[in-house]
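Enquirer: quick one, structure for this:
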Amino acid sequence: MKKAFLQLHIAVLLAGFTAILGKLITLNEGLLTFYRMFLSALILGVILFFKKELQKLSLKNTLQLFGVGVIISLHWVSFYGSIKYSNVSVSVTCLSTIGFFTSFFEPLIIRRRIDWMEVLLGLLVVAGIYLIFNFYPQYKTGIIFGIISAMLASIFPIINKKLLIDFSPNTVTLYEMTGGLIALCFILPFYLYFFPAKYFIPSRTNVLWLVVLAGLCTVYAFNLSLQALKHISAFTVNLTYNFEPVYSIILAFIIFKENQFLGLGFYSGFALILLAISLQMVRVYQDKKNETLVSKTGI
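Expert: Residues are numbered from 1 along each chain as shown. Next up, the predicted model:
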């Protein structure tokens, strides 16, 4: 369990850096996601080919994984859209609504009872987002993109947890990146009509950042996250990912000086979000402690 939590937190740290890269890479969010998925599938495919670990799946299983890849691709497009139309700090804070959406989607998908404490903590996060929304109406489009991104991000870990019973993390990642890439080939022409791109070919600097984004922050981070998901619930994984804004905001303050553009509304909202995260982590720790006690005493 300790190893799983360590893997998860490293994955979250790398995820926090993706927002910074999303700002540094000057491509349109749709094209950014396309290149990210293309390079991720290419890098992982080459690695698995030389390690002779490429796994051929049935049509049914392939379509399942491709379907999750579509959700991931839409999540990334909306996530980077949020960054482009607001800033890193506001965008990653919107991702904290993942826990709220998970509290509803996980019971529906795996057919368990709704945990109303999870819902209440999720509502606390929503209250934090509402504060930010009211204080920064100029970021309305970015916040809407961010909430859509969080909703989509809450779904695929739940589905992935079931898929990992039958497939390795690398296989899941490869097929999902490929499925998302194929979907984007059909989605991008329509998306770019409404959200036009200034240019389509990345510059040399963009290529460098894209390689870092694909290799380190996608292939490696996804693998760590999926390994952890084998031992930790989807809700806990999603809630832990709420620490992503902490890492991203610190980096954004250092690199982009975003603290100069944020005031009381942002910090008040973010404080509510941190409170919700902290309370849930205490709940998770206490539940695990009680489970251990029961298993040892047999009570």
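
Enquirer: ok, then the element right after the helix or strand of the chain with the lowest mean pLDDT?
Expert: Within the chain, confidence by mean pLDDT, DSSP states H and E is lowest for helix 234-240 among all helices and strands, at a mean of 68. Going down the chain from helix 234-240, the next helix or strand is helix 244-256, by DSSP states H and E.

Enquirer: okay, and for the stretch 1-150 of the chain, where does confidence drop off?
Expert: For the stretch 1-150 of the chain, the stretches flagged by pLDDT under 70 are 1.

Enquirer: what pLDDT does the residue nearest to the spatial centre of the chain get?
Expert: Centroid-nearest residue in the chain, with C-alpha atoms, centre = their mean: A153, separated by 5.3 Å. With respect to pLDDT, A153 scores 89.

Enquirer: ranges for the helices of the chain?
Expert: Per DSSP state H, the chain carries helices over the ranges 2-24, 29-50, 59-85, 88-94, 98-110, 116-135, 140-153, 156-163, 169-194, 204-214, 221-229, 234-240, 244-256, 264-297.

Enquirer: tell me which of the ones you listed sits most buried.
Expert: Of all the helices of the chain, helix 88-94 carries the top mean neighbour count, a mean of 28, counting by mean count of other C-beta atoms under 10 Å. Heads up, the C-betas are built off the backbone N, CA and C, glycines and all.

Enquirer: can you spell out which helices and strands pack onto that one?
Expert: helix 2-24, helix 59-85, helix 116-135, helix 140-153, helix 244-256, helix 264-297 (3 or more C-beta pairs under 8 Å, 6 or more residues apart in numbering; DSSP states H and E).

Enquirer: hey, C-alpha coordinates of it in CSV?
Expert: This file holds the C-alpha atoms of helix 88-94, laid out as CSV (Å, rounded to 0.1, in the frame of the first residue of the first chain):
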residue,chain,number,x,y,z
VAL,A,88,-2.6,27.6,-15.0
SER,A,89,-3.7,28.4,-11.4
VAL,A,90,-7.4,28.7,-12.2
SER,A,91,-7.4,25.8,-14.6
VAL,A,92,-5.8,23.3,-12.3
THR,A,93,-8.0,24.5,-9.4
CYS,A,94,-11.1,23.6,-11.5
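
Enquirer: quick one: it to chain centroid distance?
Expert: A distance of 12 Å separates the centroid of the chain from that of helix 88-94, by C-alpha atoms, centre = their mean, to the nearest Å.

Enquirer: nearest to T171, out of the helices and strands packed on helix 88-94?
Expert: helix 59-85 (8.0 Å; C-beta to C-beta).

Enquirer: got the contact list for the residue nearest to G215 when sequence neighbours are not counted?
Expert: Of all residues not flanking G215 in the chain, I43 sits nearest, at 5.3 Å (C-beta to C-beta, 6 or more residues apart in numbering). Applying C-beta atoms under 8 Å, 6 or more residues apart in numbering, one finds that I43 lies in contact with A214, G215, V219.

Enquirer: okay, these in CSV with distance to A4 next?
Expert: Formatted as CSV, these follow (distance: C-beta to C-beta, whole Å):
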residue, distance to A4
A214, 24
G215, 23
V219, 19
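
Enquirer: closest to T171 out of those residues?
Expert: Ranked by distance to T171 (C-beta to C-beta), the contacts of I43 are led by V219 at 12.6 Å.

Enquirer: gap between the spatially closest residue to K198 that is not a sequence neighbour and I129?
Expert: Leaving aside its chain neighbours, K198 sits nearest to N28 (7.2 Å; criterion: C-beta to C-beta, 6+ apart). Distance, N28 to I129, by C-beta to C-beta, to the nearest Å: 25 Å.

Enquirer: same question for S168.
Expert: From S168 to I129 the distance is 36 Å (C-beta to C-beta).

Enquirer: same deal with K60?
Expert: Using C-beta to C-beta, K60 is found at 38 Å from I129.

Enquirer: before we move on, what about I159?
Expert: I159 sits 25 Å away from I129, going by C-beta to C-beta.

Enquirer: ok, E176 next?
Expert: When E176 is compared with I129 (using C-beta to C-beta), they lie 27 Å apart.

Enquirer: again, but for W209
Expert: Plainly put, W209 is 28 Å away from I129 if you go by C-beta to C-beta.
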